[in-house]
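Asks: build me a structure from this.
(chains A and B)
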2 protein chains.
Amino acid sequence: MCFVVFFLKDFAKDRYGVSAMVQSQQKLDRALVRVEDLTPHKVDQLIWLRARVHTSRAKGKQCFLVLRQQQFNVQALVAVGDRASKQMVKFAANITKESIVDVEAMVRKVEQKIESCSQQDVELHIERIFVISQAEPRLPLQLEDAVRPDGDGEEEGRATVNQDTRLDNRVIDLRTTTSQAIFRLQSGVCQLFRDTLTKKGFVEIQTPKIISAASEGGANVFTVSYFKSSAYLAQSPQLYKQMCICADFDKVFCVGPVFRAEDSNTHRHLTEFVGLDIEMAFNYHYHEVIDSITDTMVQDRYQTEIQTVSKQFPSEPFKFLEPTLRLEYTEALAMLREAGVEMGDEDDLSTPNEKLLGRLVKEKYDTDFYVLDKYPLAVRPFYTMPDPNNPKYSNSYDMFMRGEEILSGAQRVHDPQLLTERALHHQIDLEKIKSYIDSFRYGAPPHGGGGIGLERVCMLYLGLHNVRQTSMFPRDPKRLTP
Amino acid sequence: MCFVVFFLKDFAKDRYGVSAMVQSQQKLDRALVRVEDLTPHKVDQLIWLRARVHTSRAKGKQCFLVLRQQQFNVQALVAVGDRASKQMVKFAANITKESIVDVEAMVRKVEQKIESCSQQDVELHIERIFVISQAEPRLPLQLEDAVRPDGDGEEEGRATVNQDTRLDNRVIDLRTTTSQAIFRLQSGVCQLFRDTLTKKGFVEIQTPKIISAASEGGANVFTVSYFKSSAYLAQSPQLYKQMCICADFDKVFCVGPVFRAEDSNTHRHLTEFVGLDIEMAFNYHYHEVIDSITDTMVQDRYQTEIQTVSKQFPSEPFKFLEPTLRLEYTEALAMLREAGVEMGDEDDLSTPNEKLLGRLVKEKYDTDFYVLDKYPLAVRPFYTMPDPNNPKYSNSYDMFMRGEEILSGAQRVHDPQLLTERALHHQIDLEKIKSYIDSFRYGAPPHGGGGIGLERVCMLYLGLHNVRQTSMFPRDPKRLTP
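Replies: All right, here's what the predicted structure looks like:
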């Protein structure tokens, strides 16, 4: 009897609980409001909402919750009264962090702005609360630790989360405001790249990733078992996008994975990354190509995401000039030599010299983005067009962000005879690139292009320091999971 | 002396020739007009143009050329007169087909429409002609043969081109109006897919293709050498896109290669194809997901491309209903049984039965596109949500175009305990999918999605009969080149 009395006493017992698993039992005619839409114009409305329990704190006859959806959150309150019983408040207080709940609540204006939430002008007075999906009580990492800037709160013994723990528990790490901002920006970068090019008449192409011969030389290529034979993973879409130019597509782009079997464990190398690739026929000068590429990048968007990330990872605002600064290699050499660097005319830039050059350019021109043009021919791939005025140099360029290379490109050799000569000079087996060279035998327009590493652009644009932060599920020589 | 006299006699000698290779020697201030812009409003203008020589025909003191850019072409004429010498006409007549030329020409109105060209109202009177890139005289295939409908002109002994010849010489085959239309449509399908979803708040994600365990079971997976160990090529982005849902991205899509090591040499199998994948959290019913997917497809665009392709490959116009027809599996079974097919309640559809069903649905509902819902649980992957009302069925669906499957999708199991049970039931090694199952332990919303094969959609939408026609560089068990 006592048992029954207990239940009878809870007048709110239908107003809370753990829901049956949503198995599409019914088409419920219930609109769910988004947290980001909880603004003063919703005040005094009774709404339904689905969100995660970000934090909860019981306090006497009340329980305060912060409810979260992606980068947005709102304060909510269950208080003993005519809508909630003591049992209901206790139930709410015991919901584990990161659980997903459906709540029915009255939107109320607050006297004082709630500084700790994204929705600062309102709070929710909960009238019903149901758990849709329960999180286990022990989280492998705490979201508040995962967004804490390095060194912050160290005195109070507050933790930050190291990179391997983050990556091992990526599903939780990706829920932080910082991660949400990074990957929404990344999605936006791809969109901007494609939209800009589509408007200019570019066609999107899909190039094969399984190939019969190493596209860019035999080193650093992954081998695949292919039925009774073997094949390789494409190190770039280079040869295919050029073949599309020979096939009259005129201007093409592709977005897809590229694979590099480099055993490099640095902050900027991945074994698999996303390439944003361009190739286009031009009329008379390859600078037409450079202009098309820079147009996809120099745009001042995503300020919200940039600010969110900089709360955890502060960085200097990204500066660029319009038109984009273009320096010739010989000018860069002169700047480096003036700064004390010893380099031959045809030497490639080392990574430290790239960074030094980035600082010198920033000092002199106040830009974090520039094009370095006319690289020595000797340090570029065989298909690079030599400079017509100086055979030691070439019609090729790299683009730099904050002193690191993000793009490599060039005018390509479109003449099959010169291409054969250049391949032989590089001691490339002509048999293996036969179908590539043959592509140019039936009329090929002058053309050029370039390839951008998506993760690297995002890292540098946001002023981050490790490319694993801008790859959702990074791959390096030591990491294949999750 | 005779030699000198010969040259002196050619007053037009500066008006034609083979140009030096375009090596970006200069930034020429010369606007090049597009063939598609050669309409009557350009009449009596002197313009420059770069195009391929599609055909040429000398006739007395004249040479007629057809100049082509992608799917557009125009008639041009070099005639002996005050701008062109006999030598110049001869030079023009000897330019090999598919060579690229720069011409300066006067645009003239024609008396009678030129039916054989896309630009029917004007022709070009050439005043200068320079070869930019010379094609070799023997082409591996003729473009006019490559666009000829099967059986057309057989009596006159005219050839068509078989598929292997096409694919071996893909760079030339892709230049036909049919290929240009197919791949411009394909580019458009991707754009439409992404734009529709982006407008609905979806985020684009990039998922890894090199994975540590076979994502969809061990059969049909390619193995990759990964430094001192080995790895696999992803058979789908399935597990990763679900992990993104658990990581609060709410609605995601991705476009990228998927790999299937199936030794199938059919008209519809490739070992590498492009997947258009969707995953989204829904509120109460997985039909919310179906609606989002069908919205990306049922749009009446690309009529020009469709008409171009149908000139070579005639097909019935593609029909669809709005809203999209949704049939339940049991209804389909009844239709098939009525047509004499013997099938058990939990049997999967064979390919011939899928096609038969497509014909029955077309007869009854007059649509080439429909959703088949509520598949038997037994024939679907372990992560498929069972039907709450009948444990023999599931919350899963396929979509069909012209009687062939283009998409497979479902509500997924978001409860880690049920997911574990279902994996065990399918005898899957739990250790190998640990990080996947763990993703659901910290709160996971109900969600569903699906994956579309891009090449298959394009093939069926255009009424083509081989998926290699809609893959630029197809990969099958026997083909890895070009």
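Asks: hmm, the helix or strand encompassing residue A:308 touching chain B?
Replies: In the assignment (DSSP states H and E), residue A:308 maps to helix A:303-312. No. Using Cβ under 8 Å from any Cβ of the partner chain, helix A:303-312 never reaches chain B; the gap is at least 11.7 Å. Using the backbone N, CA and C atoms, a C-beta is placed for each residue, glycine as well.
Asks: how about that helix: buried residues?
Replies: A:305-306, A:308-310, A:312 (16 or more other Cβ atoms under 10 Å in any protein chain shown).
Asks: hmm, who's touching it?
Replies: Residues from elsewhere that reach helix A:303-312 (Cβ atoms under 8 Å, 6 or more residues apart in numbering or on different chains): A:71, A:147-149, A:177-178, A:180-182, A:184-185, A:188, A:318, A:462-464.
Asks: out of the residues you listed, who's near chain B?
Replies: A:180, A:184.
Asks: so, low pLDDT: which residues of chain A?
Replies: For chain A, the stretches flagged by pLDDT under 70 are A:1-8, A:215-218, A:298-299.
Asks: quick one, strands of the stretch 151-300 of chain A?
Replies: A:203-204, A:210-211, A:223-226, A:229-233, A:251-259, A:272-281 (DSSP state E, counting those that start in this stretch).
Asks: quick one: those as JSON lines, columns for distance to chain B and mean neighbour count too.
Replies: As requested, those are arranged in JSON lines below (distance: least, Cβ to the nearest Cβ, whole Å; neighbours: other Cβ atoms under 10 Å in any protein chain shown):
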{"stretch": "strand A:203-204", "distance to chain B": "4", "mean neighbour count": "22"}
{"stretch": "strand A:210-211", "distance to chain B": "5", "mean neighbour count": "22"}
{"stretch": "strand A:223-226", "distance to chain B": "5", "mean neighbour count": "18"}
{"stretch": "strand A:229-233", "distance to chain B": "6", "mean neighbour count": "19"}
{"stretch": "strand A:251-259", "distance to chain B": "5", "mean neighbour count": "23"}
{"stretch": "strand A:272-281", "distance to chain B": "5", "mean neighbour count": "23"}
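Asks: to residue A:95, which of the ones you listed lies closest?
Replies: Of all the strands of the stretch 151-300 of chain A, strand A:272-281 sits nearest to residue A:95, with 37.9 Å by Cβ to Cβ.
Asks: related to what we said a few turns ago, which of the contacts of helix A:303-312 lies closest to residue B:384?
Replies: residue A:180 (28.7 Å).
Asks: how many neighbouring residues does that closest one have?
Replies: Look at residue A:180: counted by other Cβ atoms under 10 Å in any protein chain shown, it has 22 neighbours.
Asks: equivalent analysis for residue A:197, please.
Replies: Using other Cβ under 10 Å, residue A:197 is surrounded by 22 other residues.
Asks: pretty sure residue A:321 contacts residue A:367?
Replies: Yes. Counting by Cβ atoms under 8 Å, residue A:321 does reach residue A:367; the two are 4.7 Å apart.
Asks: so between the two, which is more surrounded?
Replies: residue A:367 (18 against 14).
Asks: distance of that one from residue A:294?
Replies: 12 Å (Cβ to Cβ, to the nearest Å).
Asks: same question, residue A:124
Replies: 47 Å.
Asks: which one of the residues in the stretch 51-200 of chain A is closest to chain B?
Replies: In the stretch 51-200 of chain A, the residue that lies nearest chain B is residue A:174 (3.6 Å; Cβ to the nearest Cβ).
Asks: ok, now which ones touch that residue?
Replies: A:180, A:183, A:472, B:244, B:247-249.
Asks: without its sequence neighbours, what residue ends up closest to the spatially most central residue of chain A?
Replies: Note on chain A: the residue nearest the mean C-alpha position is residue A:186, at 3.5 Å, using Cα atoms, centre = their mean. Excluding the flanking residues, the one nearest residue A:186 by Cβ to Cβ, 6 or more residues apart in numbering or on different chains is residue A:458, at 5.0 Å.
Asks: which outside residues touch the helix or strand that neighbour falls within?
Replies: Element membership for residue A:458 (DSSP H and E) is helix A:454-461. By Cβ under 8 Å, 6+ apart, the residues outside helix A:454-461 that reach it are A:182, A:185-186, A:189-190, A:255, A:268, A:270, A:273-276, A:297, A:318, A:401-402, A:404, A:406, A:464-467, A:469-471, A:474, B:206.
Asks: which of the residues you listed fall in helices?
Replies: Among these, the members falling in helices (DSSP state H) are A:182, A:185-186, A:189-190.
Asks: neighbour-wise, which of those leads?
Replies: residue A:186 (27 neighbours).
Asks: let me see the contact set for that residue.
Replies: Counting by Cβ under 8 Å, 6+ apart, residue A:186 touches A:454-455, A:458, A:470, B:204, B:206.
Asks: state the distance from it to residue A:464.
Replies: Distance, residue A:186 to residue A:464, using Cβ to Cβ: 12 Å.
Asks: what do you get for residue A:150?
Replies: Distance from residue A:150 to residue A:464, by Cβ to Cβ: 12 Å.
Asks: same question for residue A:102.
Replies: 36 Å.
Asks: count the residues that sit near residue A:330.
Replies: Close neighbours of residue A:330, defined as other Cβ under 10 Å, add up to 13.
Asks: wait, it sits on residue A:374?
Replies: Yes. Assessed by Cβ under 8 Å, residue A:330 is found in contact with residue A:374 at 7.1 Å.
Asks: now do the longest strand along chain A and strand B:272-281, the angle between them.
Replies: Counting residues, the longest strand found in chain A (DSSP state E) is strand A:46-59. Orientation check (axes from the mean of the first three to the mean of the last three Cα atoms, to 10 degrees): strand A:46-59 against strand B:272-281 gives 80 degrees.
Asks: any buried residues in strand A:46-59, and which?
Replies: Quick answer for strand A:46-59 (16+ other Cβ under 10 Å): A:47, A:49-54, A:56.
Asks: give the contact list for residue A:245.
Replies: A:252, A:279-281, A:444-445, A:447.
Asks: can you rerun that using 6 Å?
Replies: Shown in contact with residue A:245 (Cβ atoms under 6 Å, 6 or more residues apart in numbering or on different chains): A:279, A:281, A:447.
Asks: and residue A:114, by the same measure?
Replies: A:75, A:120.
Asks: show me which residues of the stretch 151-300 of chain A sit near chain B.
Replies: A:171-172, A:174-175, A:184, A:187, A:190, A:203-204, A:206, A:208-210, A:212, A:222-225, A:227, A:231, A:243, A:246-248, A:256-257, A:272, A:274, A:283-286 (Cβ under 6 Å from any Cβ of the partner chain).
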